[in-house]
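Peer 1: structure of the sequence below:
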Amino acid sequence: MPDTKDHQRELISRQSRVRGMMLGLALGDTVGAARGALPAAGPLRAGVSTQLACFTAEGIIRAQVRGNHKGICYAPGVVLHAYCRWAFLQGIETEKMRKRWGSHTASWPDGWLARVPALGERRGKAPATVAALARVDAGEERMATSSSGHHALTRGLPIAVTGLQGITQADAIAALTHGDPAGRSAAVHAAALAHYCLTVADADVESGRSAVRDALQAGIAALAPRDERGSLVATDEEHGRLAEAFRHAVDEPADPSHLTQLAPDPTAPSALLGGLYVAASFPDRAALPTALDFAAKAPDGESVACVAGALLGAVHGVEALPVALVSRHELAWVLDTLARDLVLELEDSPSGGEYVKGWDPHWWERYPGW
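Peer 2: Coordinates of the predicted model:
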């Protein structure tokens, strides 16, 4: 019989990693948008990548709830519904959104996340996501644009929590709004790297070894081309770029010219390579704030710092994030709650299932399974 205290420690450690990833993502998004020049006092505003990542996390939870209760679930469709709730709060095609989804329940948009005021505030532009959601009535297969923009990747990082099998759906979730194959591949590969950062052994982190580089190297190796092409396998060219970015970070860390070369634009491939380079350049726990400041200097610092913050937060855990910044972030509580609930849902569904009674009578109201 497993030791209860050991299980509790494992759960707390996993929560710390997921909380670190979610809050690291958000801090990177905010620091990057400010080009590293944050205001000395006052609340720190969330970026649009952070807003969308919140709805990705909520969509994952609700998809899991649906699967437990119905026995079957198409997760990308549930995540699409989550993005539509974001769009409604943002004032995007509100009548179209209400017509499509509101007939299912009188209280739409439902779930607790839709009641967070800051998620209805404009926090930057996500043109491909907005354009695709505005065409939601065209159907999932025809609504996407041809964009390779980074939001397909940055908003999808929470998918890493679902494990390698769940990450196979990252392509379909990115493809809801972004049709470019390179951008979609980058979204999958970023989620896979984040997964390896989340699952690196605690002993390796505590030993003082370069756990960040070990995790990233393991992730890159797992993405290496194989005889059978799967959704988690990179092409020779994609894998070569990942390996080269990592090698540059080890041999010539924190070089602005390398960062500019690897991440020259606001696309998903740039966010992936730039974020990888920054994370591997600053593997030490104490260097996390410096890593975000350096990432913010990339041509599109917002996306690069977002990825770097997520990867580093996933390895080091929430305790490594600068308290002075986390405590000022306007969505800190929201992100922390989503991270904890995501782990809890995957660990032990509080609402139960089709044949199992749940132990939290309010969970379905918080996360309706559709």
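Peer 1: residue closest to the middle of this protein?
Peer 2: By CA atoms, centre = their mean, the chain has its centre lying nearest to Leu157, at 2.2 Å.
Peer 1: contact partners for that one?
Peer 2: 21, 25, 53, 56, 190-191, 194, 306-307, 310 (CB atoms under 8 Å, 6 or more residues apart in numbering). Just so you know, the C-beta spots here come from the backbone N, C-alpha and C atoms, and that holds for glycine as well.
Peer 1: now do the helices in the stretch 101-250 of the chain.
Peer 2: 127-133, 151-154, 163-167, 170-174, 181-199, 202-206, 211-222, 236-251 (DSSP state H, counting those that start in this stretch).
Peer 1: buried residues in the helix or strand harbouring Gln15, which are they?
Peer 2: Applying DSSP states H and E as the criterion places Gln15 in helix 4-33. Using 16 or more other CB atoms under 10 Å as the test for burial, helix 4-33 gives 14-33.
Peer 1: please apply the same query to stretch 332-352.
Peer 2: Those would be 332, 334-339, 341-346, 349-352, for stretch 332-352 by 16+ other CB under 10 Å.
Peer 1: what's next to that stretch, contact-wise?
Peer 2: Residues from elsewhere that reach stretch 332-352 (CB under 8 Å, 6+ apart): 11, 14-15, 18-19, 21-23, 26, 50, 54, 57-58, 60-61, 64-65, 68-69, 113, 116, 118-119, 158, 161-162, 318, 326, 329, 356, 358-360, 363-364, 366-367, 369.
Peer 1: would you show me how to pick out the buried ones of these in PyMOL?
Peer 2: Of those, the buried ones go into a single PyMOL selection, burial set by 16+ other CB under 10 Å:
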select buried, resi 14+15+18+19+21+22+23+26+50+54+57+58+60+61+64+65+68+69+113+116+118+119+158+161+162+318+326+329+358+363+364+366+367+369
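Peer 1: now, the contacts of stretch 332-352 that are in strands?
Peer 2: Assigned to strands by DSSP state E, none of those qualify.
Peer 1: re the thing from before, need the contacts of Leu157 in TSV with distance to Arg184, can you?
Peer 2: What follows is the contacts of Leu157, written out as TSV (distance: CB to CB, whole Å):
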residue	distance to Arg184
Met21	21
Leu25	19
Ala53	17
Thr56	15
Ala190	11
Ala191	11
Ala194	16
Cys306	18
Val307	16
Ala310	18
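Peer 1: and the two most separated of these?
Peer 2: Farthest pair in these (CB to CB) is Thr56 and Val307. Separation: 14.4 Å.
Peer 1: which pLDDT does the model give Asp3?
Peer 2: We have a pLDDT of 74 for Asp3.
Peer 1: list the contacts of it.
Peer 2: Contacts of Asp3 (CB under 8 Å, 6+ apart): none.
Peer 1: any stretches of this protein with poor pLDDT?
Peer 2: 1-2, 203-209, 227-231 (pLDDT under 70).
Peer 1: if you set the cut-off to 90 instead, what comes out?
Peer 2: 1-8, 103-106, 139-141, 201-210, 226-233, 354-355 (pLDDT under 90).
Peer 1: you'd agree Ala175 is up against Met143?
Peer 2: No. Ala175 lies out of contact with Met143 (CB atoms under 8 Å); the separation is 9.7 Å.
Peer 1: what's the helix holding Gln15 packed up against?
Peer 2: Applying 3 or more CB pairs under 8 Å, 6 or more residues apart in numbering; DSSP states H and E, we find helix 4-33 packed against helix 48-70, helix 181-199, helix 288-295, helix 301-316, helix 323-326, helix 332-347.
Peer 1: who touches whatever helix or strand Gly77 lives in?
Peer 2: Under DSSP H and E, the secondary-structure element containing Gly77 is helix 75-89. Identification of contacts with helix 75-89 by CB under 8 Å, 6+ apart yields 51-52, 55-56, 58-60, 62-63, 66-67, 93-94, 97-98, 100-101, 109, 111, 113-114, 119-120, 129-130, 133-134, 136, 140, 166, 169, 172-173, 176-177, 370.
Peer 1: how near is Pro39 to Ala339?
Peer 2: 25 Å (CB to CB, to the nearest Å).
Peer 1: ok, now Trp333?
Peer 2: Counting by CB to CB - Trp333 and Ala339 are separated by 11 Å.
Peer 1: re the thing from before, who's more crowded, Thr56 and Val307?
Peer 2: Set Thr56 next to Val307 and count neighbours by other CB atoms under 10 Å: Val307 wins out with 36 against 24.
Peer 1: quick one: the more buried one and Pro269 touch, right?
Peer 2: No. In this structure, Val307 is not within contact of Pro269 by CB under 8 Å, at 11.2 Å.
Peer 1: now for those two: what residues contact both?
Peer 2: Counting by CB under 8 Å, 6+ apart, Val307 and Pro269 have no common neighbour.
Peer 1: put the alpha carbons of stretch 279-289 into PDB.
Peer 2: C-alpha atoms of stretch 279-289 as PDB (Å, rounded to 0.1, in the frame of the first residue of the first chain):
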ATOM      1  CA  ALA A 279      15.900  28.500 -20.900                       C
ATOM      2  CA  ALA A 280      19.000  26.500 -21.600                       C
ATOM      3  CA  SER A 281      21.200  29.600 -21.300                       C
ATOM      4  CA  PHE A 282      20.000  30.300 -17.800                       C
ATOM      5  CA  PRO A 283      19.500  26.900 -16.200                       C
ATOM      6  CA  ASP A 284      20.200  28.000 -12.600                       C
ATOM      7  CA  ARG A 285      17.200  28.600 -10.300                       C
ATOM      8  CA  ALA A 286      18.400  32.000  -9.100                       C
ATOM      9  CA  ALA A 287      18.800  33.300 -12.700                       C
ATOM     10  CA  LEU A 288      15.200  33.000 -13.600                       C
ATOM     11  CA  PRO A 289      14.500  36.800 -13.400                       C
END
